[in-house]
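> everything below, folded, please.
(chains A and B)
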Amino acid sequence: MESIIIANADIYIALAVIFGLFMAWGIGANDVANAMGTSVGSGALTFKQAVIIAAVFEFAGAVLAGGEVTKTIRKGIIDVSSLGGTPEILVHGMLASLLAAGVWLLIATRKGWPVSTTHSIVGALVGFGAVCIGMDAVSWDKVGTIAMSWVISPLLAGVISYFLFRSIQSLVINTVDPVANAKKYVPMYIFLVGLVISMVTMVKGLKHVGINLTFNECLGVAVLLGGVLMVIGTLLIRRLTFDPKEDKHFHYTNMEKIFGVLMIFTAMAMAFAHGSNDVANAIGPVAAIVGIVQNAGEIASKSATPIWVLFLGGSGIILGLVTYGHKVIATVGSGITELTPSRGFAATLGAATTVVLASGTGLPISTTHTLVGAVLGVGLARGIGALNVSVIQTIFLSWIVTLPAGATLAVIFYYILAGTLG
Amino acid sequence: MIHKSAITSMFAGSPVHPLQQHMEKVFECTSLLPSFVQALATQTFDEAESIQKQISKLENEADRLKHELRNNLPNSLFMPMPRGQILEIVTIQDTIANKAKDIAGIMMGRKMQIPEPVSQIYTMFLKSSVEAVEQALEAVNELDELVETGFRGGEVNLVLDLITKLNKIEYASDKHEQQIRHALFVIEKDYPSIDMMFLYQIIDWTGELADIAQRVGSRLQLLLAR
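So this is what the prediction gives:
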């Protein structure tokens, strides 16, 4: 049995790298645009800045906090215990799932359907496991938890964003001097961004990079990081120029300028969050394949994700972003004129916190759907002029269509691969 | 391959700016009435006619804006103010422009002049009615700030103050209307009755300008109370 793995080792690794890059490219090309769109749309970032921030923080998120979700995709959904003697089935299945999710994303994007990378890969894995190995091979408990998280994550993001926005309302917007209060509170919000994101990352995600910190050490580092960001933010706010004349037509122009600074930091958080959750969709299967091949056929359930695989995912995303995603960011960004930085901040931080939390717990969720929930949360606080709620319908539709589509494609690709390689 | 993403398609155009633009048009249209009446009084009919055409044109533009707003407000929208209220406000705003157009139309057609004894009261009456429309515009112009503040805090009080002032102006316009009816009653027998009939009609409509402007204010107040 081991002979198949050893004989095909190079082909397997090569295919895994190619398919993984393809999938990561797709994520960078499409999904990132959604994550960054609110920042560009609210005018807080130019689109060039958004691309640079996305590149740096997607990568950082993938490498520093992407481990848990990668583990889930790699060995949480399919129970490998029954495959001891035939590891190549899993290799073929993982390759097929990657290809299925990548191809489905490509088709959907061409047709303009809003599908989620997460749903594609989970659908593909479940399809492969249930059909090609057997119903028992799928960890239905885990799949159930993941499905639950798809419902809970937009709700949670909505709740966080709602309260964030209400806090901005009472601390800044609805005060006698919004500009002065914005100068006072925005640095604190920046501190909060740094604290929350780094805290969740360190407590939950750093183990696989070989850093082990106690809770108190984490807290110390997080406070320090938040403080540094706060200082940078304060300096940026000082550099702003305010013109009282600008407030004549719309009384909150100068206040929104200050929130624009805050948006720069939430955009970083969002890119980081997205990197920590969605990159795993591409590299989870790659890690599984690499693990099996390197162990010469042993399906080891303990080995850690090799760091170069995380790098592979990060690079693929940046490649997608640079070659194609910038176009999508431009369209997404210019389409949102109703989102001012104060709202953009509340929505983005709500979503980013939820996603990083899910990443730490190892739950693959959809960043886009989470962001939709966050925006609706701000809308519920009567903060946005008009929201098109029919988008909720398209989200449900994308669940219903994407899961079986990913599953079917994975099964087809599995039999093709098994036929040619096995 | 570029498509609208789920996030982009979430943000529909807010009806606030179109509503404000419409009200601006309505005010622009109404604000021409004093100079129009003046032109008729001095019998410079060419000028009166050109102003009347201008009023008519602005009313048409307001109509177009109204239709655009309605067409861009599908009922799948989630807004901080009920869709029905927005549609109602734009309809009410639009009747102001219609009234202005009707006033100018009839006065032009009949080359109407306000009888000397009441002309001064009428000028004041018309002025306060136009002022009411302007005040309504000012209140409507605060809608974007209301959305920014999430319909909370000091901004709400600011708008409530504007509405209170609007009510006062409407009351003043009402008083002027009573005065002019009184004054006209005394002298009406000295003028052709058909002329008087139409003059009463014009007075009626001039008063309605302020009435309707006040209704715009009341609708705004309903938005705040939600």
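> for the most centrally placed residue in chain B, what are its contacts?
Closest residue to the average C-alpha location of chain B: B:I96 at 3.8 Å, with C-alpha atoms, centre = their mean. B:I96 makes contacts with B:26, B:30, B:133, B:136, B:209, B:212-213, B:216, as judged by C-beta atoms under 8 Å, 6 or more residues apart in numbering or on different chains. Quick note: C-beta positions are derived from backbone N, CA and C, even for glycine.
> spatially, which two of those residues are the most separated?
Farthest apart among those by C-beta to C-beta are B:T30 and B:V216. That separation is 12.1 Å.
> so where do the strands sit in the chain?
Going with chain A. Assigned by DSSP state E, the strands in chain A fall at A:387-388.
> switch to chain B, that's the one I care about
For chain B, the strands defined by DSSP E occupy B:77-78.
> pLDDT below threshold where in it?
For chain B, applying pLDDT under 70 flags the ranges B:1-6, B:226.
> now do 50
Applying pLDDT under 50 to chain B flags the ranges B:1-2.
> what residues does it put near chain A?
Within chain B, the positions near chain A by C-beta under 8 Å from any C-beta of the partner chain are B:1-16, B:76-80, B:144-145, B:147-155.
> at 7 Å what do you get?
Neighbours of chain A within chain B, by C-beta under 7 Å from any C-beta of the partner chain: B:1-16, B:76-80, B:144-145, B:147-154.
> not counting sequence-adjacent ones, nearest residue to A:I392?
Nearest residue to A:I392, sequence neighbours excluded (C-beta to C-beta, 6 or more residues apart in numbering or on different chains): A:V372, at 7.3 Å.
> who are the neighbours in contact with that neighbour?
When contacts are counted by C-beta atoms under 7 Å, 6 or more residues apart in numbering or on different chains, A:V372 touches A:154, A:391, A:395, B:6-7, B:10.
> any chance of the residues you listed in JSON lines, plus neighbour count and distance to A:G275?
Shown next, in JSON lines, are the contacts of A:V372 (neighbours: other C-beta atoms under 10 Å in any protein chain shown; distance: C-beta to C-beta, whole Å):
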{"residue": "A:P154", "neighbour count": "25", "distance to A:G275": "20"}
{"residue": "A:V391", "neighbour count": "25", "distance to A:G275": "24"}
{"residue": "A:I395", "neighbour count": "21", "distance to A:G275": "22"}
{"residue": "B:A6", "neighbour count": "25", "distance to A:G275": "19"}
{"residue": "B:I7", "neighbour count": "27", "distance to A:G275": "18"}
{"residue": "B:M10", "neighbour count": "28", "distance to A:G275": "23"}
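> restricted to helices, list those.
Mapping those onto helices (DSSP state H) picks out A:154, A:391, A:395, B:6-7, B:10.
> between those, which sits nearest A:I237?
Nearest to A:I237, judged by C-beta to C-beta, of the ones in helices among the contacts of A:V372 is B:I7 at 27.1 Å.
> the closest one contacts A:G37, correct?
Yes: B:I7 sits in contact with A:G37 when judged by C-beta atoms under 7 Å, with a separation of 5.1 Å.
> for A:K184, grab the count of nearby residues.
Residues lying near A:K184 (other C-beta atoms under 10 Å in any protein chain shown) number 14.
> how much space between it and chain B?
17 Å (C-beta to the nearest C-beta, to the nearest Å).
> over to A:G377?
As judged by C-beta to the nearest C-beta, A:G377 and chain B stand 12 Å apart.
> show the pLDDT at that residue.
With respect to pLDDT, A:G377 scores 93.
> B:P115 contacts B:P192, doesn't it?
No: in this structure, B:P115 is not within contact of B:P192 by C-beta under 7 Å, at 10.8 Å.
> compare those two (neighbour count), which wins?
Set B:P115 next to B:P192 and count neighbours by other C-beta under 10 Å: B:P115 wins out with 16 against 9.
> excluding its backbone neighbours, what's nearest the more buried one?
The shortest distance from B:P115 to any non-neighbouring residue, by C-beta to C-beta, 6+ apart, is to B:Y191 (6.1 Å).
> how many other residues sit next to that neighbour?
A count of neighbours around B:Y191, defined by other C-beta under 10 Å, yields 12.
> check contacts around A:I78.
Listed by C-beta under 7 Å, 6+ apart, the contact set of A:I78 reads A:125, A:129, A:137-138.
> by pLDDT, give me the weakest of those residues.
Minimum confidence in these sits at A:A137, scoring 86.
> give me the number of residues near it?
A:A137 has 22 neighbouring residues, counting by other C-beta under 10 Å.
> one more: the one 5 residues further on?
Neighbour count for A:K142, taken as other C-beta under 10 Å: 17.
> the one 5 residues further on too?
Burial of A:A147 is recorded as 16 neighbouring residues (other C-beta under 10 Å).
> and A:A358, what does it touch?
Taking C-beta under 7 Å, 6+ apart as the criterion, A:A358 is in contact with A:149, A:153, A:277, A:365.
> about what we covered before: so how far is B:M81 from the residue nearest to the centre of chain B?
Distance from B:I96 to B:M81, counting by C-beta to C-beta, to the nearest Å: 20 Å.
> now A:A16
54 Å.
> pretty sure A:A100 contacts A:F413?
Yes: A:A100 sits in contact with A:F413 when judged by C-beta under 7 Å, with a separation of 5.3 Å.
> so if I had to pick from those two, which one is more boxed in?
Legend: neighbour count by other C-beta under 10 Å for A:A100 and A:F413, higher for A:A100 (29 against 22).
> the more buried one and A:L106, how far apart?
According to C-beta to C-beta, A:A100 stands 11 Å off from A:L106.
> with B:L223 instead?
According to C-beta to C-beta, B:L223 stands 46 Å off from A:L106.
> got the contact list for the closest residue in space to B:S14 that isn't next to it in sequence?
Spatial nearest neighbour of B:S14, chain neighbours left out: A:G385 (2.5 Å); criterion: C-beta to C-beta, 6+ apart. A:G385 makes contact with A:338, B:14, B:16, B:79, B:147 under the criterion C-beta under 7 Å, 6+ apart.
> could you dump these to a markdown table with distance to B:S56?
Shown next, in a markdown table, are those (distance: C-beta to C-beta, whole Å):
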| residue | distance to B:S56 |
| --- | --- |
| A:E338 | 34 |
| B:S14 | 30 |
| B:V16 | 27 |
| B:M79 | 33 |
| B:V147 | 33 |
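> A:N181: which of those is nearest?
When those are compared for distance to A:N181 (C-beta to C-beta), B:V147 wins out at 19.2 Å.
> quick check, that closest one in contact with B:P80.
Yes: contact criterion C-beta under 7 Å: B:V147 and B:P80 qualify, at 5.8 Å.
> now B:L87: how far from chain A?
Using C-beta to the nearest C-beta, B:L87 is found at 13 Å from chain A.
> got a list of what that residue touches?
Shown in contact with B:L87 (C-beta under 7 Å, 6+ apart): B:70, B:73.
> residues of stretch A:97-111 that come out buried?
For stretch A:97-111, burial by neighbour count (16 or more other C-beta atoms under 10 Å in any protein chain shown) applies to A:97-106, A:108-109.
> does chain B have contacts with that stretch?
Yes: residues of stretch A:97-111 are located near chain B by C-beta under 7 Å from any C-beta, namely A:109-110.
> so what touches that stretch?
Applying C-beta under 7 Å, 6+ apart, the set of residues contacting stretch A:97-111 is A:19-20, A:22-23, A:26, A:30, A:115, A:117, A:120-121, A:124-125, A:128, A:281, A:285, A:402, A:405-406, A:409-410, A:413, B:1, B:3.
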